[in-house]
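need a 3D model of the sequence below.
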Amino acid sequence: MSSATASLFASFAIAAAGAAGLAYTLSHPGIVAQLFDRGQLTSTEFAPESDPSTPVDPSSDEEATTSPPGTVTLPAGRYGHFEAEAEINGRDIGVMVDTGASLVALTYDDAEKAGIDVRTSDFTHRAQTANGIARVAPVTISRIRIGDITVRNVPAVVSERGASQRTLLGMSFLGRLSRVEMRGSTLMLEE
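Alright, predicted model coming up:
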């Protein structure tokens, strides 16, 4: 096995571990709410009287704010997740920042929206998703932009249709930034 192949498999293993943790968190929102209640997690947007099983309307969350040029500040959502509107290959796509994911992981529909064409024969690898193990297709995204931050030629994977419900902005994007820093209930990204 070549070192490039071994490196790719290692990246997928790390992505699978991050996806498993995310899947557990998403499927057990009550546990996250309990951590907030005990004061082990904090968020200015958490409302203790809200029902943690109630779906969150992403349009109700604050939008990403842009600070100095090349810096974006994202507020934490209700359960501490950081979501943003990213421009992927020129198309607006909602993403969730996931430092536990090695790669950017696109849903099939979001990849299609971004003009990334994948065929059945392209799904050559497997990854853990919130819905279980799914086949994924390795791709390279020409450009991802959030606010003033632009990263080009980003390694990513596309999940099979219906295998994942949310596009994850993983370390193949975040690792190319000069700074990724959490300050309280905000995440600061700097190009």
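
determine the set of other helices and strands touching the top strand by length along the chain.
The residue-count maximum for a strand in the chain (DSSP state E) belongs to strand 132-146. For strand 132-146, the contact count by 3 or more CB pairs under 8 Å, 6 or more residues apart in numbering; DSSP states H and E identifies strand 83-88, strand 104-106, strand 125-129, strand 149-159 as packing neighbours. Where C-beta positions appear, they are placed from N, C-alpha and C, glycine not excepted.

quick one: strands adjacent to the last one?
Strand 149-159 pairs in its sheet with strand 104-106 (parallel), strand 132-146 (antiparallel), by DSSP bridges.

quick one: which helix or strand includes the nearest residue to Pro155 once chain neighbours are set aside?
Take Pro155 and drop its neighbours on the chain: the residue closest to it by CB to CB, 6 or more residues apart in numbering is Ser172, 4.5 Å away. For Ser172, the host element (DSSP states H and E) is helix 171-174.

helices or strands up against that helix?
strand 149-159.

Gly170 is in contact with Met96, isn't it?
No - between Gly170 and Met96 there is no contact under CB atoms under 8 Å: 9.9 Å.

contacts for the longest strand of the chain?
Strand 132-146 is contacted from outside by 8, 12, 64, 72, 84-90, 104-106, 111, 114, 116, 118, 122-127, 150-160, 163-164, 169, 173, 189, using CB atoms under 8 Å, 6 or more residues apart in numbering.

for stretch 155-165, same thing?
Contacts of stretch 155-165 (CB under 8 Å, 6+ apart): 11-12, 15, 103-109, 111, 116, 118, 122-123, 125, 127, 129-131, 134-141, 172.

do a quick rundown of the helices in the protein.
Ranges of helices within the chain are 3-27, 29-37, 108-113, 171-174, based on DSSP state H.

still on that earlier bit, okay, the helix holding Ser172 in CSV with CA atoms only?
Presented in CSV, the C-alpha positions along helix 171-174 are these (Å, rounded to 0.1, in the frame of the first residue of the first chain):
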residue,chain,number,x,y,z
MET,A,171,-10.3,20.0,8.8
SER,A,172,-9.4,19.9,5.1
PHE,A,173,-10.8,23.5,5.1
LEU,A,174,-10.2,24.5,8.7
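
so what touches it?
Against helix 171-174 from outside (CB under 8 Å, 6+ apart): 97, 99, 101-104, 144, 151, 154-156, 180, 189.
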